[in-house]
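Visitor: Would you be able to build a 3D model of this:
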Amino acid sequence: MQMKNIDRLELPPTADMHVHLRQAELMELVVPTVRKGGVDTVFVMPNLVPPLTSVEKVLEYRSQLHAITQDVHFLMSLFLHPSVTPEVIAQAAAAGITGVKMYPQGVTTNSESGVSNLEAFYTTFAAMEKHGLVLNLHGEVLESLAPADTTLEEAFLPTLKTLHERFPQLRIVLEHCTTAAAVEAVRACGPTVGATITAHHLYLTSHEACCDPFAFCKPIPKKPTDRDALVRAVVSGDTKFFFGSDSAPHPIQTKTSAAQGKAPAGVFTQPFATQLVLLALEEAIERGAIVEADVTQEKLEGFLSRSGRRFYKLPEVSEKGKIVLERKGEKIPASVLSQDGKAEVGNSRVGAEVFSLRWEGA
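Guide: Numbers count the residues shown, from 1 in each chain. You can find the predicted model right below:
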């Protein structure tokens, strides 16, 4: 596929298996941008304030999302917490909740009530294995627990291996991979282990993330060699790897007014989720990380849509609707702004030229 020479692409709707849709005014602003990015299915993170630790609260949140749009399939999750017992897992399965998200305590936004001892949850994981819920891992350790010269993600990878060996039938997703080591660790596990890769980790490195508040996120982007390993995983055709944007909106004023290094962690990509993956692949070809022949229609459909749906045991993508992407010189604007002007979120890759996207037949 000659990416630079393609003026029009048709793809099935993207499935984004890791999104943050927030609450209140921010939620009202962000949810309508899901479809704008070519996405019809999202796996929604539960790290709200307070976190979603009960089935009742998850279902209440899902109702709020549905009140904004009926055109997106919301896959819901619980926040792993001592109150999420095997009994709660059984209730969650009966209520159609998809997964449970594990945040190590204190590693990222709204994770203060996260996990400090995974073994304490082994009975919960056994119940998840029994009932078919997915375990979603924020795969990092606290900085104080990482050995010198080891990334927080690499220090976590032995835990992934241990969990998989202990619960071989439990579907586990290592979220937002950032390192070559993570790609290899996922490949070394059996078919019940998959991984999401974001758009922004395909184009950011630690250099941008340390200097630009709109590129600052957790996990921190790593070295150029890690970024390129993620790109190669995307175009490998390996169905273990699928798209999860980890699009994480914050009010623009908190990103711009914070002192250096104190901006909240999160990159907002939702309105251009599909287009930013395509842009990252074009740039990877330009720098020689991959070649034109690596990018095919089948691999794009697999990474963006089909592989994630299959891992989550969702129906195959409908043939009724598709997204059409065309080059029209569209550039990413600085932000998205609510109609009343009260909520504004800064976009990633402001000014970059991307495909224009429209829905057809949906």
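
Visitor: Give the pairing partners of the strand or helix carrying Gly194; include direction for each.
Guide: Assigned by DSSP states H and E, Gly194 belongs to strand 193-197. According to DSSP bridges, strand 193-197 forms sheet pairs with strand 172-174 (parallel), strand 241-243 (parallel).

Visitor: what would the ones you listed look like in a markdown table with distance to Tyr312?
Guide: The C-beta positions use only the backbone N, C-alpha and C, and glycine is treated the same way. Shown next, in a markdown table, are the strands paired with strand 193-197 (distance: least, CB to CB, whole Å):
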| stretch | distance to Tyr312 |
| --- | --- |
| strand 172-174 | 9 |
| strand 241-243 | 9 |
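
Visitor: Quick one: mean pLDDT over the strand holding Gly194.
Guide: For strand 193-197, mean pLDDT rounds to 98.

Visitor: Now tell me what touches that strand from outside.
Guide: Contacts to strand 193-197, defined as CB atoms under 8 Å, 6 or more residues apart in numbering, come from residues 17-18, 160, 164, 171-177, 182-183, 186, 230, 233-234, 239-244, 246, 303, 307-308, 311.

Visitor: next helix or strand past it?
Guide: Counting by DSSP H and E, the next helix or strand C-terminal to strand 193-197 is helix 206-211.

Visitor: and that next one, what does it pack onto?
Guide: Judged by 3 or more CB pairs under 8 Å, 6 or more residues apart in numbering; DSSP states H and E, helix 206-211 has no packing partners among the helices and strands.

Visitor: Give the buried residues for it.
Guide: Within helix 206-211, the residues that qualify as buried by neighbour count (16 or more other CB atoms under 10 Å) are 206, 209.

Visitor: For that helix, output the C-alpha coordinates as PDB.
Guide: In PDB, the C-alpha atoms belonging to helix 206-211 read as follows (Å, rounded to 0.1, in the frame of the first residue of the first chain):
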ATOM      1  CA  SER A 206      10.400  10.800  25.700                       C
ATOM      2  CA  HIS A 207      11.900  13.900  24.100                       C
ATOM      3  CA  GLU A 208       8.500  15.400  23.200                       C
ATOM      4  CA  ALA A 209       6.800  14.100  26.300                       C
ATOM      5  CA  CYS A 210       9.200  15.900  28.600                       C
ATOM      6  CA  CYS A 211       8.800  19.300  27.000                       C
END
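
Visitor: Against which helices or strands is the next helix or strand after that helix packed?
Guide: In the C-terminal direction, the helix or strand that comes right after helix 206-211 (DSSP H and E) is helix 224-234. Packed against helix 224-234 by the contact rule (3+ CB pairs under 8 Å, 6+ apart) you find helix 180-188, strand 193-197, helix 273-286.

Visitor: ok, back up a step: which of the strands paired with strand 193-197 sits closest to Lys328?
Guide: In this view, the strands paired with strand 193-197 are compared for proximity to Lys328 by CB to CB, and strand 241-243 is the closest at 23.4 Å.

Visitor: For the closest one, give me every contacting residue.
Guide: 14-17, 177, 183, 186, 194-199, 233-234, 273, 277, 302-305, 307-308, 311.

Visitor: From the contacts of strand 193-197, list the buried ones, please.
Guide: Using 16+ other CB under 10 Å as the burial test, the contacts of strand 193-197 include 17-18, 160, 164, 171-177, 182-183, 186, 230, 233-234, 240-244, 246, 303, 307-308, 311 as buried.

Visitor: quick one, helices of this protein?
Guide: 24-30, 33-36, 55-68, 86-94, 122-131, 152-166, 180-188, 206-211, 224-234, 252-257, 273-286, 297-301, 307-311 (DSSP state H).

Visitor: Could you export the helices and strands packed on helix 224-234 as TSV, including distance to Lys101?
Guide: Supplementary listing: the helices and strands packed on helix 224-234 in TSV, determined by distance: least, CB to CB, whole Å:
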stretch	distance to Lys101
helix 180-188	17
strand 193-197	12
helix 273-286	19
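
Visitor: The ones you listed: which one's closest to Glu344?
Guide: Ranking these by their distance to Glu344 (criterion: CB to CB) puts helix 273-286 first, at 18.9 Å.

Visitor: which residues of this structure score low on pLDDT?
Guide: Applying pLDDT under 70 to the predicted model, the residue ranges of the chain that meet it are 107, 110-111, 113, 258-261, 362.

Visitor: What about the closest residue to Pro86 other than its chain neighbours, how many residues nearby?
Guide: In space, and not counting its chain neighbours, Pro86 is closest to Ala127: 3.7 Å by CB to CB, 6 or more residues apart in numbering. Each residue near Ala127 was counted by other CB atoms under 10 Å, and the total is 22.
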